[in-house]
Every structure is written in C-alpha cells, then in structure tokens.
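Visitor: Sequence and predicted structure are below.
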Amino acid sequence: MKYLHLIWAELFRRKTRTILTLVSILAAFLLFGMLNGVRESFDQAGQSAQGAKRLQTGSRLSFIDTLPLSLNDRIARTDGVTAVTYANWFGGAYQDARNQIFSFAVAPNYLDLYPEIEVDPAQRQAFAQTRTGILVGEGLMKRFGWKVGQKIPLLSTIFPNRDGSKNWSFDIVGVMKPKDKAAGGWYDQMLLMHWKYFDESSPYNRGSVGWYVSGVGDVNQADRVAKAIDSLSANSDHETKTQTEAAATASWMKQMADIGLIVGSIMGAVFFTLLLLTGNTMAQAVRERIPELAVLKTLGFSNGSVLGLVLAESVLLVLIGGVLGLGLAALLGPVLSAGSGGVINMPPVGARSWAMGLGLMLAIGLLVGALPALRAMRLNIVDALTGR
Amino acid sequence: MGILKSFLRGLGLFLLVIVGIGAWLALPWPFLLGLVVIFLAWMFFTRRGRQTGSVTQVGLSTLGQRIGSSSVIVIGIAGVVAVLVALLAMAEGYRETLRKSGGEDSAIVLRGASAAEVMSTLMHDSVNVIGQAPGIARDAQGRALVSPELVVAANLPIKGGLPDEDGSVQLRGVGEAAWTVRPNVKITAGRKFSTGRRELVAGSGAQRQFAGLEPGKQIRLGNQTWDVVGIFHSGDAMDSELWGDAEVVATTYRRGSSRTSVTAKLVSADAFKGFKETLSKDPRLDVDASTTLDYFSKQSEGMTKVIRIIGMVVGGIMAIGAVFGALNTMFATVATRAREIATLRAIGFRGVPVVVAVMLETMLLALLGGLLGGVLAWLIFNGFTASTIAGGVGQLTFEFKVSPEVLWTGIKWALAIGFVGGLFPALRAAQLPVTEALRAA
C-alpha cells in the first residue's frame, strides 16, 4: 500500500495514453455489464424460490392444446398439492394486432399462488367483483398510458367475442406490482382478466383451460407430485405434461435463443481485443521507463518488488476503467428502460455481475502486466542505464 | 480568448466528424465511389497529391518497425467488424429465410386480426368461399391452386436435450394442393405421407432440431403414434415444419373441418388486388388476405429489427473502444516519427500532405482490420445454423448469411473507425513545431 502513490504517478506519467486506454477498457466493461445482465436475467427467469414450488400442467400434445376444466378438482385432490388454479392464453393486443400483450384469463384464486405479485387489497376486491375487470402490470400501464378506472378495448388475436367481433372491452380495476423489483420484469408487462368472463364471451372456449398451476407444499416432493398429476390423465385423449415452473421457463427461454452462447462469443471477442490493446499500452509504458526502473533497482528495490510495481500498475489501470464501465452500465440500464417506456427492459447490474467483472478485471490486469513486468524484473541495471 | 478559440475549433471539428460519420454510414455506395475517385484524382494529378503519396510511402515503409502497436489497430477493428458482421448476418439470415418463404404471386388468407397462422381459425364454409375468389391460378386439369391448411404446434423431444425436455415444432396439416402451391418443397428421403393415415414428413431443419425424425421411425404426438415416412427440403421457413394429412391432424387436435389458413397461387402478382378486394367485400367472410411475401416479411420484421439494433449497439460500444485504441497507437506513431515528419516539413512539404498521409496509413490499417474481421466472421458464421421461436409457436431454424451488403457495412464501419482514429493524431502531426521536433531526441 505504501507504494500506491508511486504506482499512481507512474500510471499517469503519460496522461493522454492512459486516458485513451481507460476509455477503451471502460467501453469493454460497459458492454460486459449490459450483456451479462441480459444473460443472467435469461438464466434466472423462473428460478425463484416460488418458481420451484409451483407446477405447471399443460397438454402433452402441444402448448396450444387445451385441457378440460374437470381436471381441476382431480388435481386438487392429488397428494402433496396445496392449491390449484388455472389460466388461458388470451392473445390480447392493443389497437394493432402487432402490439401484443401477455394477457391471461385466470381463475379467481390465481393471485393466491403468486405471492410475489403485489396488488392493493381494495383493488383486489374490486377485481373480484367486476366481471369485466382486469389487473394490469405497472410497466404495461406506463407503456400505453392507461389509468385505473379506464375502460379499454383489447383485440384478441386468437378468440373472437360472442358477437363475432375481435374487440373485447375491459375495465382496469387495479395495478400489479412485482414485490421484488429486481426479479420482476415479467409481471410488470402482464394483464389478467377473469376466466369466467372470457369463457362465457368466447364461443370457442367452452369450458377448456390452457394450463393448470398447482402449488406443492414440499419442494422435494415436486417430481413425485408432477408424476402423480400426469398419471391422472394417462392414456386419455388429454394427456398432460407437468413441470416445475422453473424448468418450464428455462426450456422456453432456451428455445427462444441460446443467449449464453451469443453473449459468450461477443465477450470473447471484446476481451481478446482489450487484452491486446492494454497489453500494448503496458509494453509501451515499460519500454519508455527502462532507465527509471533501473534507477529504482539501483536504489535497492528488489526484482520482486519491481515486478510487483508493474503488475500493480496494470491491474490498477484495468480496475479503474472496468469499475467506471460497470458503474456506467449500472447507471445507463435504468435510464434506457425508463426512456424506452418499458419496451426495453434492461436488468440492473447485479452483485454477481460485479463479482464476475471484478474477477475479470484482476485476471486481465495480471495477464496484460505479466510480460512487461517480467521484462522489468529481468532488467540488467548497467545495460538499462547506458541505454543498451 | 485563445482558450475559447481552440475550444470552439475543437467543438467544430468534433461536430464535423460526427456529421461526416453519419453521412458516410448512411450514403449509398455509388456516392462513396465518387468520393474515392475524386480523392484518387487529387492524389495523382496535383502536386500536393503526389507529395502525399511520397509521405505515405515513407510512413508505410517504416511500418515494419511499429508492427506490434500497428497490429492493435488491425486486430481491434477486426474484433469490432467480426462481431458486427456476425450479428447482422444473423438478422439477415433470419429475414432471408422468412422472405424466401413467400412470393408476390401467392396469397395467404387468415381470419381478421390474427398475428400468425396458428392463431387463426377459418370455418369450412369460409374456406370454400375463399377458393372461389377470382385471380387464383389453375393447374392443367382446371383445378384451382388453393391449399387450405391447418397449422398447429406439437411438442417433441429436442435432440441432445434432457430426457424429459420438449421443444415446440410447427405441424402443418395439408392436402394434395400444398405441394403444387409450393413447388419448391421437395422430398429428399423416403416418400410423401399417404392420405388418411397417421404419417408425416419432416423438414430438414426440424430434423436437425428434434430427435426421432428419421424415415421409418415413429414419434409420439400426445397419446398417438405417428410414422415418419419422409424428409423434405425447401430452403425456407417450411424446413422447420412437419407436414401431415390435414384431416388426420384435425382429428388429433379436435378441430373438425376448420382450418387456420388458405394459401392460394395467383395468376400473377397483379391479380392480388382484385383477390383481396373480393374477399374483403364478401359479407360472409371476416378475413385478411396478404401476399405471402408480405405475410412472411412481417413475421420477420420485429425480430430482425431487434437483432440489428443489438448489433449496432454492441458494435457501437466496441467501436468506441477501438477508436480510442487506434488514437492511442497513432499518437504514439506520430510521436516516434516526430523527427521524420519535422524533417519533411523543413524541406518544404506542406501540412495537408502530412495530415492526409497519417490518415491514409490509419485507414489502410483499418481496412486491413475490417477485411480480416469480415473474413473471420464469414469463415466462422456463414451458414451457421441457429434457431428461435417464430410465429409464436415453433422452432424456426435459419442460417446466418454473411451477404455482400453485410460485409460492406462492416468495411464502412472499419473505415469510419480508422478515420476518427487517424484524424486527431494527423492534425497533431501537422501542428508539430518544426524546430522543437527536430531537436527532440
């Protein structure tokens, strides 16, 4: 620590070069912060403690196929199931068929199974009492500028209304907020309506259910309960497939895109380039300073401490740039999300990103500093001083 | 006063660069070619130009001594271009796969306000009415080329996935007409499915993605067993689908006689207007007709845009890093060559040739980097297959396509980075005080 002043002075010996290099490092870690956040939010989708406690039962044939309502009571009686609810995919869109909204028609007790969604008790009460009522995610409200109490038309891209038109009208009675801001990108964009209203108004649904969600008391029993639920309908023409919510979401995300691979290859290219760039700066810095380093050695600095000085300088360089870059990513994320009105949802830079980022900074700093530091360590004092 | 002046000059220069880069990236290639021609003419036919040539030559001949730091520019820019080209190639491949699936002389009819085929429902009567619309082409026997189809999704085990891991695939129930409406769909192995049986043929893309899709094997759809009897290839989005007999698919999915879409081959592209008009005026129908080109282009619109924006943002941030890397290198180059440049100035070379020479050197290095990155991306990613969920239902397999346009964009970016990275060091070189630089060690 007592050499910090010396290292700092050496680092800013050539201000232009150091600052230019810092900006490059900053850009690399800004990218890292943003991309890693996206990767993690994909990885962790559905991986909450609540997600492991919920089972999703859908048709084995395909996710667009429906299940009979009669299964509800039979699932509820299955050993290990604490509660069961159901939902249908509504396929709603606002104004234009391409403004699609995650909209579900759900059973009255749906929210009981999702304690991570926060709804004001009075609004929840209003929802229960309004046949055409809907609950809307906070982000979605902002995206379209809706207000509680407003009547809105939605068109369903799948189901016509009973009068043959595609327009359905709903009353917004409440707002859903994710309890944990960091984990709740999904609930923010969701819209819930009454399954009963949906079923009665659509001539095609006739009492069918898209999927069941059941809560299990003991997470370790989840696999056994899932098998028990599937055996209820084995060999019928409505075979089911039951998975934990976590597994179902993970499989869906994996089908969307192999984010890990994409982010991995981009970051590989970025860090390879960065390594080269910073390596060049450090090599230049040491080359210029050979006589000075020789003087240090003459004064009695050991080979080891000269090695340490150069390594510390390169680690410090990468650390300053990296921390600034990650910090900028942390600042920019919310600004981008707010600026886009909920269309882009940049996840915040989490503790894990910081830990991984700091690890990378140390590793890159050491790697980049290694060759110049070895060169500085092996300096022959006499040769260096005479400029040979 | 002096500070204000230099600040204003810096600001002006900065704005000029920003505008220049924007124009450079946006302008079409004929205009840029014109710029290059004018520049070359200047190089060869004016005194200053020829001076520039010789200064550049001196610079390039000493490049070997600066190989380490110069490679930073080349590799830095290669990295940016490789990532940018790869992402753009992904967007391009996705768009191309879907665009190829449609044409201007065929139409697809869906129920109104349906975003994709799988969400639509057309009753049997409607299907018949649609088949009688004018403008539909007929085959040699005089039958209308109309294919009513039932598109659903099916869960199948993914190749190389966990034991119980399913993926979603689009299953299209078709009749005999589907093969004539889409002449590009060819059976490559096995045979076509036979009518009325639980048999299906799989697209080559679907075969790559899902387990058990080999002719002669059986797959399970729900509680039913289906025989895979053949493999087809079409080179477009159909490749990611399974095809079976529409009646049998309808039975399995309890859809009765309804269908999801009607695809019709039209007499010509001009016939579409009349076709659409007739359908929209018919009081018995509530349908949307669009050309298949339009339909599939719209399907790819959102995704392509998202990938392109991601590519630009990631490429942009990387480019900023690369610009500063290039600046660093070129400042160092100018510093090491200070004496040489000062000598040139002392024997009568003007500022402009020196500025242009330094910039030329940087841009040559940048061009090299751009080419390297482009070639790398082409080698690794051209034809690389990826898949995503498309149309809301099934896996769509597509190939990355490193097209000439995409490569050209990469080269343009590389040159822009080289331009900015060379400009400021070049100005520094021109402003070097001659006497001081000559005296410097």
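Guide: Thanks, I have it. The structure displayed is predicted, hence computed values, not measured ones. Residues are numbered from 1 along each chain as shown, chains lettered A, B, ... in the order given.

Visitor: Chain A contacts on the stretch 301-441 of chain B?
Guide: With Cβ under 8 Å from any Cβ of the partner chain as the criterion, the stretch 301-441 of chain B comes near chain A at residues B:302, B:314, B:317-318, B:320-322, B:324-325, B:327-329, B:331-332, B:386-389, B:393, B:395. No exception for glycine: its C-beta is placed from N, CA and C like everyone else's.

Visitor: which of those count as buried?
Guide: Of all these considered here, the ones buried according to neighbour count by 16 or more other Cβ atoms under 10 Å in any protein chain shown are B:314, B:317-318, B:320-322, B:324-325, B:327-329, B:331-332, B:386-389, B:393, B:395.

Visitor: helix or strand for B:Asn16, which one?
Guide: Just so we're on the same page, residue B:16 is Leu rather than Asn. Element membership for B:Leu16, per DSSP states H and E: helix B:2-26.

Visitor: so what does that helix touch, helix or strand wise?
Guide: Here helix B:2-26 is seen to pack against helix B:404-431 when contacts are counted using 3 or more Cβ pairs under 8 Å, 6 or more residues apart in numbering or on different chains; DSSP states H and E.

Visitor: Show residues contacting the next helix-or-strand element following the helix it packs on.
Guide: The helix or strand immediately downstream of helix B:404-431 is helix B:434-439, counting by DSSP H and E. With Cβ atoms under 8 Å, 6 or more residues apart in numbering or on different chains as the test, helix B:434-439 has contacts from B:338-339, B:341-343, B:345-346.

Visitor: hey, which helix or strand in chain A has the poorest pLDDT?
Guide: Across the helices and strands of chain A, mean confidence by mean pLDDT, DSSP states H and E is lowest for helix A:49-53: a mean of 75.

Visitor: Looking at the buried ones among the residues of the stretch 301-441 of chain B next to chain A, which are in strands?
Guide: By the criterion of DSSP state E, membership of these in strands covers B:386-389, B:395.

Visitor: Switch those over to TSV; also include pLDDT.
Guide: Formatted as TSV, these follow (pLDDT from 0 to 100):
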residue	pLDDT
B:Ala386	83
B:Ser387	83
B:Thr388	82
B:Ile389	77
B:Gln395	82
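
Visitor: Closest to B:Lys192 out of those residues?
Guide: Proximity of those to B:Lys192 (Cβ to Cβ) peaks at B:Gln395, which lies at 22.9 Å.

Visitor: ok, what's across the strand from the closest one?
Guide: With DSSP bridges applied, the residues forming beta bridges to B:Gln395 are B:Ile389.

Visitor: so where does B:Ser147 fall, helix or strand?
Guide: Per DSSP H and E: B:Ser147 is located in strand B:146-157.

Visitor: quick one: contacts for B:Leu63?
Guide: B:70, B:361.

Visitor: tell me the mean pLDDT for the helix holding B:Leu16?
Guide: Here helix B:2-26 scores 83 as its mean pLDDT.

Visitor: distance between the helix or strand just after the strand holding B:Ser147 and the chain's centre?
Guide: The C-terminal neighbour of strand B:146-157 among helices and strands, as given by DSSP H and E, is strand B:166-174. In terms of Cα atoms, centre = their mean, to the nearest Å, the centre of strand B:166-174 is set 26 Å apart from its chain centre.

Visitor: all strands in the chain, in order from the N-terminus.
Guide: Picked chain A for this. For chain A, the strands defined by DSSP E occupy A:54-59, A:67-68, A:81-89, A:92-93, A:102-106, A:117-118, A:133-137, A:151-156, A:167-178, A:190-194, A:208-209, A:211-216, A:240-244.

Visitor: should've been chain B
Guide: Taking DSSP E as the criterion, chain B contains strands spanning B:106-111, B:146-157, B:166-174, B:186-190, B:199-203, B:218-221, B:224-233, B:241-245, B:261-265, B:287-291, B:385-390, B:394-399.

Visitor: And these: which comes nearest A:Asp188?
Guide: When these are ranked by distance to A:Asp188, counting by Cβ to Cβ, first place goes to strand B:385-390 at 21.0 Å.

Visitor: could you check the angle strand B:394-399 makes with the closest one?
Guide: Put simply, strand B:385-390 runs at 150 degrees to strand B:394-399, going by axes from the mean of the first three to the mean of the last three Cα atoms, to 10 degrees.

Visitor: and the angle for strand B:385-390 with strand B:166-174?
Guide: Angle between the axes of strand B:385-390 and strand B:166-174 is 80 degrees (criterion: the same axes, to 10 degrees).

Visitor: Give me the contacts around strand B:385-390.
Guide: Taking Cβ under 8 Å, 6+ apart as the criterion, the residues outside strand B:385-390 that touch it are A:252, A:255-258, B:90, B:93-94, B:98, B:168, B:205, B:208-209, B:237, B:240, B:299, B:303, B:395-400.

Visitor: Give me the buried subset of those residues.
Guide: Neighbour-count burial (16+ other Cβ under 10 Å) is assigned, among these, to A:255, A:257, B:90, B:93-94, B:98, B:168, B:205, B:208-209, B:237, B:240, B:299, B:303, B:395-400.

Visitor: Okay, B:Ile231 and B:Thr225: tell me how far apart.
Guide: Separation of B:Ile231 from B:Thr225 (Cβ to Cβ, to the nearest Å) stands at 19 Å.
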